[in-house]
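**Q** sequence and predicted structure below; questions after.
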Amino acid sequence: MSFLMILRIALKALGRNKMRTALTMLGMIIGVAAVITMVALGTGAQTSIEAQIQSAGTNMIMVSAGNFSQGGVRQGQGNASTLTPDDAAAISRIPGVQFTAAGSNTRGQVVAGNQNWNTQIQGTDIDLPLIRSWPAKEGAFFSPQDVATAAKVAVLGSVTRDQLFQPDANPIGQVIRISHQPFTIVGVMGSKGQSGVGQDQDDTIFVPYTTVMKKLRGVTFIQQVTVSAASASETTRTADTIATLLRGRHKIQPGDPDDFMVRTMEEMASVRKEATQTMTALLASIAGVSLLVGGIGIMNIMLVSVTERTREIGLRMAIGARGRDVLLQFLVEAVVLSLFGGGIGIALGFGLAQGVTLWQGWPTAVSPNAVALAFGFAAMTGVFFGFYPAQKAAALDPIDALRFE
């Protein structure tokens with residue numbers, strides 16, 4: 001008997017009881033849809049994290065001043081006075097370093113007309129927009145001359161701009177007061193959104209780091225140096241070179257702890273990726289239970305079908321059908337149930353993933369690998385759970401089957 005004939009008989013048999021066939025496929029539909037949706041959520045979260053890391057600068061290296069202790073009280077990273085502008089200049093000359101930006105931060109009340117806002121004042125250098133891939137939306141970033149002269153100029157984050165000025169107002173050239181000192185606005189940054197740790201990156205004001213040091217804080221040291229390696233492959237090597245350079249400049253003896261900290265985005269990226277991959281696998285495993293339940297439902301219905309069609313099986317075998325023909329027929333029926341259910345489940349999964357994005361605003365991304373896996377698993381489920389009923393049907397004795405009531 002040809003495979004096409006067996007397929008036609010299988011489809012005709014499934015069409016005799018449409019309601020039972022639909023209910024049998026329902027388990028497979030729900031299982032595949034659940035797998036697609038859960039994997040889409042996990043993949044979307046991972047893609048979102050990777051985008052945040054990309055926006056922060058994939059080759060970025062953070063060099064921070066070390067811990068500061070006084071009277072047994074540790075003040076934490078960045079509070080020591082061990083980093084200087086000369087250290088930042090020395091780092092910029094290391095082979096493999098593309099951009100550097102010294103940093104000195106503070107926080108203060110900002111006043112513009114009758115509006116005021118408490119925000120972070122981030123002192124930095126001219127290379128920061130290049131390191132962070134963060135262009136100005138209005139105006140421009142401050143110039144090397146502004147840094148050299150410790151000019152009182154400011155570039156607003158989008159949130160700070162909205163808090164201090166009306167939506168239709170042009171802030172470029174306006175004067176604001178930071179800690180009672182006048183600053184001229186020269187630019188507004190584009191929106192960056194929240195960082196990976198939940199901090200609003202747009203709620204800030206950028207000024208030259210020399211201005212923060214000399215006119216807002218009155219110090220001679222910096223808190224950090226933001227570095228961009230020439231390529232992603234050189235990030236780790238460059239970070240190691242920076243550590244070696246600073247140990248030499250700070251005259252740290254072998255065996256003594258560093259008075260600075262060097263961290264790369266690769267370290268943070270690897271931790272976050274591992275976390276999202278684990279969560280995606282967990283969600284997919286939970287959804288996979290639905291596929292297992294759907295497969296058991298298919299086996300149950302096929303066993304019932306074998307019992308109901310015992311006389312039909314006996315008649316077919318009596319007129320010349322072989323055992324493998326009967327085996328293949330019931331196996332094809334089980335696979336057809338699984339594949340039809342899997343196809344509908346994939347479409348439903350796509351719809352649910354899009355629905356989650358539209359209704360909840362959560363990022364989702366349907367992976368082709370997840371679709372292929374779910375569809376392949378559906379086919380294997382049909383073969384696995386359909387084999388026993390099909391084998392049972394093929395093993396029937398034709399005479400006993402014809403006598404079955």
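**A** In hand now; what should we look at? Residues are numbered from 1 along each chain as shown.
**Q** thinking residue 118 is in contact with residue 110, fair?
**A** Yes: between residue 118 and residue 110 there is a contact under C-beta atoms under 8 Å: 7.3 Å. C-betas here are computed from N, CA, C, even on glycine.
**Q** more neighbours: the two, which one.
**A** Of the pair residue 118 and residue 110, residue 110 is the one with more neighbours under other C-beta atoms under 10 Å, namely 22 against 10.
**Q** just to be sure, that one is in a strand?
**A** Yes: judged by DSSP: H, G, I helix; E, B strand; the rest coil, residue 110 forms part of a strand.
**Q** that one pairs with what?
**A** Per DSSP bridges, the residues bridged to residue 110 are residue 117, residue 178.
**Q** let me see the contact set for it.
**A** If you count contacts by C-beta atoms under 8 Å, 6 or more residues apart in numbering, residue 110 has them with 116-119, 121, 160, 164, 176-178, 205.
**Q** and the pLDDT for it?
**A** On pLDDT, residue 110 comes in at 95.
**Q** and for residue 309?
**A** 67.
**Q** residue 198 now?
**A** pLDDT, residue 198: 54.
**Q** over to residue 119?
**A** The model reports residue 119 with a pLDDT of 95.
**Q** after the helix or strand it falls within, which helix or strand is next?
**A** Assessed by DSSP states H and E, residue 119 sits inside strand 115-124. Using DSSP H and E, the next helix or strand after strand 115-124 towards the C-terminus is helix 128-132.
**Q** may I see the buried residues of that following helix?
**A** For helix 128-132, burial by neighbour count (16 or more other C-beta atoms under 10 Å) applies to 128-129, 131-132.
**Q** out of those residues, what pair is the most spread apart?
**A** Greatest spacing in these, by C-beta to C-beta: 129 and 131 (7.5 Å).
**Q** quick one, helices of the stretch 201-350 of the chain?
**A** With DSSP state H, counting those that start in this stretch, the ranges of helices along the stretch 201-350 of the chain come out as 209-211, 235-249, 265-308, 310-318, 323-360.
**Q** so residue 107 belongs to a strand, correct?
**A** Yes: checked against three-state DSSP, residue 107 lies within a strand.
**Q** next, count neighbours for it.
**A** Residues within reach of residue 107, counting by other C-beta under 10 Å, total 13.
**Q** measure the nearest residue to it once chain neighbours are set aside to residue 155 for me?
**A** Closest residue to residue 107 apart from its sequence neighbours, by C-beta to C-beta, 6 or more residues apart in numbering: residue 120 at 5.4 Å. Relative to residue 155, residue 120 is positioned 13 Å away (C-beta to C-beta, to the nearest Å).
**Q** cool, and residue 85?
**A** Distance of residue 85 to residue 155, computed by C-beta to C-beta: 20 Å.
**Q** of the two, give the one with the bigger neighbour count.
**A** Using other C-beta under 10 Å as the criterion, residue 85 and residue 155 rank with residue 155 on top: 27 against 18.
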